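Q: Give me the fold of what follows.
(2 chains)
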Amino acid sequence: MVDTKLSRRGFIKASAATAALASAGTVGFNEWFKEYVKAGSNAEIKEIPSTCNACSSKCGMIGHVKNGRLWKLTGHPDHPYSKGKLCARGHGYATVVYSKDRLTQPLKRVGEKKFEPITWEQAYEEISGKLNEIIKEHGPQAVALTEDPRASGKFYSPRFINALGSSNYFTHHVVCSNSRDAGFMHTVGVSSTSADISNAKYIMFIGRSYGDGIRPSSVQSLAAAKDNGAKIIIVDPRLNNTGNLATEWLAIRPGTDLALVLAMSQVLIKENLHDTEFIKNYTVGFDEYAKELKKYTPEWAEKITGIPADSITRIAIDMGKAKPKALIEQSWRGAFGCNYENSTETGRAVAMFNALLGNYQQKGGSIFGTKPHLGNLDEGKHANPKDPDAPKAGKKEFPLAYHSHGVATMVAKEALEGKMKAAIYYHSNAALGYGNPKVMKEALSKMDLVVAIDVQMSETARLAHYVLPEVTYIERDEVIEGLSGKIPGIALRQQMVDKVHPETKPIHEIYTELAKVCGVGQYFNFSLDELNEAMLAPTSITYKQLREKGTIMFPNDEIKLGEVPKLKTPTGKVEFCSETYKEAGFNPIVEWIEPKVSPADDSFRLITGKQAIHSHTQTANIPILMQITKDYDLERIWINPARAKALGIKDGDLVELKSSEATSKIRVKVTERIHPEAIFVPSHYGITSKDLKTGYGVGFGYMEHVPFDFEKWSGAGNIHEVIVKVRKVKG
Amino acid sequence: MARYGMVIDTRKCVGCYACRVSCQMQNELPVEESYIKFYEKETGVFPNVKNEIIPVQCQHCEDAPCVSVCPTKATYTTKEGIVLVDADKCIGCKYCMVACHYGARTQDHNTGVVEKCRFCAELVAEGKQPACVSTCISNARIFGDLDDPNSEVSKAIVKMNAQPLRPDLGKAKIYYVR
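A: Numbers count the residues shown, from 1 in each chain, chains lettered A, B, ... in the order given. As a prediction, this is how the structure comes out:
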């Protein structure tokens, strides 16, 4: 793990010898390198495998640590998501470890915006005192915990809240994939599939951009598919950055993707291009579905989507002919993630369309991955907290929502109703990113206790009563991460550099210590290493081996393509007709649902999406990434030239953007890459926490304009159901 | 002897900036200093639009104007054709910045040295790829020996008819597929 490489700058400082060489005339590489190595022989460089934290993918990476300081990162070659590569946010976010705006000690709020430093002991005592008081008075269901789950959080957070007797564990998916998860779950039995992109012949993306919401191996696979001549269709109201790899862009009217999928499904069946054998063996309810679908013709969809009926027919037929190596990709936050009132239905329609193509568990199709077999703690010595009696908040209102993720904004709703009294937010900026910030702020102010665990003073932290400073992911070991996919594997996040701020702690320590003071320490009577050893026990891997390699795959356990497993739906099959939906009060057959709001001639729909350099709001305060935003004006909103001209707006102009919720001032990018009815705003800006000096005041937060809302099926945030007006203002 | 060069396939570039950030970290650059710049070229009218992203860095010209104008010979070309800067000799006069056709040189405001892409010479010497190539998420960058007809880069140039960005401005060692 120790090498003798060094950087150019270290070399320059250390060496005068190369200068002499260079001035002597033409220098050869070998001579130059000899001097270079000599000059850098004092720099100790360690290469430590770990995992990234810049987005939910948690790619494998290798930290190059020079003289004890993180120097640079490379992608882990064995990790299935990175395959040797890292994206810009992966490289850049790691610099958070040296951020000037880090939280360095526990804080207690003593005024509206005033905090004072306290000791960990005081923080634990006061937090546990309040938690126990609230539980005693209102019951454990008045307490909730929300996070953006990563390796340690996924294990410790639900365990901690369950130990307190509450089932209220939530994740950020309410503004990410709740609709897709619900639609897929009740159709094919999993909240998400993966896709065999590199072997596919025909790939459709709906509202999803591999080049913006990056997992490096996905982009590599897509580039490979393109090299192999695959047809790649991007359905999106904006020509996103993956456009270069696409064969065709369908500039769909935002919010109408469901109509497109329904019409394509109708064409497949009408043209007899559906996989009858697959449908016979692995699905239920096809006849009712096919009958219902007859009304969704391409001509019907053309009027709704703005995509010519001929194109819809052509693409559906071509996908039918390319089956089973044809698919609609499973997406994340895109059009069937959490954006529109019809997103759950879109998710369901997509899962069904893939079933029509019979592409499940086929080469070039949709894949049900497999998980590694990992061990558990010995329950005799380390008892699990018992399952809480009361159901998770929102379970009654949203029975179709994917239970593990829940509906995180229910915490705010119940706080406003006076039912939720305490909330813990770990690695989660819910106040800015989960719903309308004004509503979130009011909700948080109603609670008796809000605790934020973070590495920087996020908007949520500023609204908390207590702020607990965590070490960054560069400074901590974590729980082993199981990797599911065609080949299962495991990855370990491990510490690269010494703790920078002595009064910060890793999350497993915080939960363990807080649990003890809360009186539920018996459920945390193990060390992180003991837990990881227990998880590794059924594998043939030692902890030492995992530490050395960082990522280990189990190729012997690779799934067999061609074999469709028994699905985890009630019938064990793909459900074209769903009793679960019926019981929840919805149509058991998929149907067209109108978006909740629609723009008029003088207004636009506000849509959002990722940029390759930012992740949620957590990267906005990273100087090396924010500099790219500044260099290329990336915080601007996108507007179509025809609409801009009519409003007297030119590229770079300052405009006022007004919705029912807020008014923002921002400059515009006039581009043909956006649907005339939509305004696109990148999703990571508008930091309002003055403690985050780099991100503060750059762009605006699109959530400011999003009404606080719940999609009827999955509880998702409906974050694209926003209408705005735009007018030019003086800069 | 090797003569190093690169192919950038803009048809695959998704403009993710990973090359820029990995280059900055490899070279320990200040955040506002970068060796790679990005140009966007949008063509067509909605909905028939194409967008091309063109990353531009030092093209390692065969007869590099920055080398010939440098009064102290701080900028020099190695036998392998990599254009390098000797920081100890650079006086920060910026002649090279003016001479460069590609705007590829940038002055470090801390040291005054006018630097640029060096094809990560120290990594190449170890048989590795430059940082921008090894991190490129879409494999849009290919690096290697232009004099070896069997190298991946040479084969790619032939297969994809890669051309220098501006052949009219002299011979460059970065070839673009557009």
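Q: Give me the distance between A:L103 and chain B.
A: Separation of A:L103 from chain B (Cβ to the nearest Cβ, to the nearest Å) stands at 22 Å. For the C-beta atoms, the positions are set from N, CA and C on the backbone; glycine is no exception.
Q: What segments of chain B are strands?
A: B:4-9, B:37-45, B:48-56, B:75-77, B:83-85, B:106-107, B:114-115, B:141-145, B:163-164, B:174-177 (DSSP state E).
Q: could you give the mean pLDDT of the first one?
A: Spelled out, that is strand B:4-9. Averaging pLDDT along strand B:4-9 yields 98.
Q: how far out from the middle of the chain is that strand?
A: Relative to the centre of its chain, strand B:4-9 is centred 8 Å away, using Cα atoms, centre = their mean, to the nearest Å.
Q: is any part of that strand close to chain A?
A: No. Figure legend: strand B:4-9 not in contact with chain A (Cβ under 8 Å from any Cβ of the partner chain); closest approach 8.8 Å.
Q: For the stretch 401-550 of chain A, what lies in contact range of chain B?
A: Residues of the stretch 401-550 of chain A lying near chain B (Cβ under 8 Å from any Cβ): none found.
Q: now the strands for the stretch 401-550 of chain A?
A: A:422-426, A:449-454, A:466-469, A:481-483, A:489-491 (DSSP state E, counting those that start in this stretch).
Q: re earlier: quick one: which of the strands of chain B is nearest A:L625?
A: strand B:37-45 (14.4 Å; Cβ to Cβ).
Q: Could you see whether chain A lies near the closest one?
A: Yes. Strand B:37-45 lies within reach of chain A by Cβ under 8 Å from any Cβ, at B:38, B:42, B:44-45.
Q: Could you pick out the buried ones from those residues?
A: Among these, those classed as buried by 16 or more other Cβ atoms under 10 Å in any protein chain shown are B:F38.
Q: coming back round to it: most tightly surrounded among the strands of the stretch 401-550 of chain A?
A: Greatest average neighbour count among the strands of the stretch 401-550 of chain A goes to strand A:422-426 (a mean of 27), per mean count of other Cβ atoms under 10 Å in any protein chain shown.
Q: Can I get the residues of strand B:37-45 next to chain A in TSV including pLDDT?
A: Shown next, in TSV, are the residues of strand B:37-45 next to chain A (pLDDT from 0 to 100):
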residue	pLDDT
B:F38	98
B:E42	97
B:G44	98
B:V45	98
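Q: can I get the residues of strand B:37-45 next to chain A in TSV with distance to A:G207?
A: Below are these laid out as TSV (distance: Cβ to Cβ, whole Å):
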residue	distance to A:G207
B:F38	24
B:E42	21
B:G44	22
B:V45	23
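Q: thinking again about what came up before, using CSV, lay out the strands of the stretch 401-550 of chain A together with mean pLDDT.
A: Below are the strands of the stretch 401-550 of chain A laid out as CSV (pLDDT from 0 to 100):
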stretch, mean pLDDT
strand A:422-426, 98
strand A:449-454, 98
strand A:466-469, 98
strand A:481-483, 98
strand A:489-491, 98
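Q: Can you say which of those is nearest to A:K568?
A: Across these, closest to A:K568 is strand A:481-483 (Cβ to Cβ), at 17.5 Å.
Q: So what's the gap between that closest one and the chain middle?
A: On Cα atoms, centre = their mean, the centre of strand A:481-483 falls 16 Å from the chain's centre.
Q: what does that strand rub up against?
A: With contact meaning Cβ atoms under 8 Å, 6 or more residues apart in numbering or on different chains, strand A:481-483 is reached by A:51, A:58, A:79-81, A:151, A:371-372, A:374, A:488-493, A:551, A:553.
Q: circling back: can you lay out the strands of chain B as CSV showing distance to A:D557?
A: Listed next are those as CSV, based on distance: least, Cβ to Cβ, whole Å:
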stretch, distance to A:D557
strand B:4-9, 36
strand B:37-45, 42
strand B:48-56, 39
strand B:75-77, 52
strand B:83-85, 49
strand B:106-107, 49
strand B:114-115, 48
strand B:141-145, 34
strand B:163-164, 47
strand B:174-177, 39
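Q: Tell me where chain B has helices.
A: For chain B, the helices defined by DSSP state H occupy B:18-26, B:65-69, B:95-99, B:121-125, B:131-135, B:152-160.
Q: winner for burial among those helices?
A: helix B:18-26 (a mean of 28).
Q: how about it, does it reach chain A?
A: Yes. Helix B:18-26 reaches chain A (Cβ under 8 Å from any Cβ) through B:18, B:20-22, B:24-26.
Q: tell me the contacts of the residue of chain B at minimum distance from chain A?
A: Using Cβ to the nearest Cβ, the closest approach of chain B to chain A is made by B:V14 at 2.9 Å. By Cβ under 8 Å, 6+ apart, B:V14 lies in contact with A:210-212, A:219, A:241-242, A:244-245, A:612, B:53, B:137-138.
Q: where in the chain is pLDDT low?
A: Picking chain A for this. Within chain A, the stretches with pLDDT under 70 are A:1-33, A:36, A:39.
Q: So what's the residue count around residue 141?
A: Defaulting to chain A. Burial of A:Q141 is recorded as 21 neighbouring residues (other Cβ atoms under 10 Å in any protein chain shown).
Q: look at chain B instead
A: Counted by other Cβ under 10 Å, the residues lying close to B:R141 total 22.
Q: what's the closest non-adjacent residue to it?
A: Leaving out its chain neighbours, the residue that sits closest to B:R141 by Cβ to Cβ, 6 or more residues apart in numbering or on different chains is B:V133, at 4.4 Å.
Q: list the contacts for the one you found?
A: With Cβ under 8 Å, 6+ apart, B:V133 has these contacts: B:6, B:19, B:141-143.
Q: quick revisit: now for the strands of chain B, which one comes closest to A:Y202?
A: strand B:48-56 (20.9 Å).
Q: closest point of chain A to chain B, which residue?
A: A:G211 (2.9 Å).
Q: So that residue sits against A:L245, correct?
A: Yes. Applying Cβ atoms under 8 Å, one finds A:G211 in contact with A:L245, separated by 7.1 Å.
Q: Which neighbours do those two have in common?
A: With Cβ under 8 Å, 6+ apart as the test, A:G211 and A:L245 both reach A:219, B:14, B:138.
Q: Compute the distance between the nearest residue to A:I269 once chain neighbours are set aside and A:M352, please.
A: Distances taken as Cβ to Cβ, 6+ apart put A:A290 closest to A:I269, at 5.2 Å, once the chain neighbours are dropped. Separation of A:A290 from A:M352 (Cβ to Cβ, to the nearest Å) stands at 11 Å.
Q: ditto for A:I214
A: Counting by Cβ to Cβ, the gap from A:I214 to A:M352 is 28 Å.
Q: These two: who's more crowded?
A: Each of A:I214 and A:M352 had its neighbours counted (other Cβ under 10 Å), and the higher figure belongs to A:I214 (32 against 26).
Q: which ones are touching that one?
A: A:I214 neighbours (Cβ under 8 Å, 6+ apart): A:55, A:87, A:89, A:612, B:16, B:137.
Q: rerun at 6 Å
A: A:87, A:612 (Cβ atoms under 6 Å, 6 or more residues apart in numbering or on different chains).
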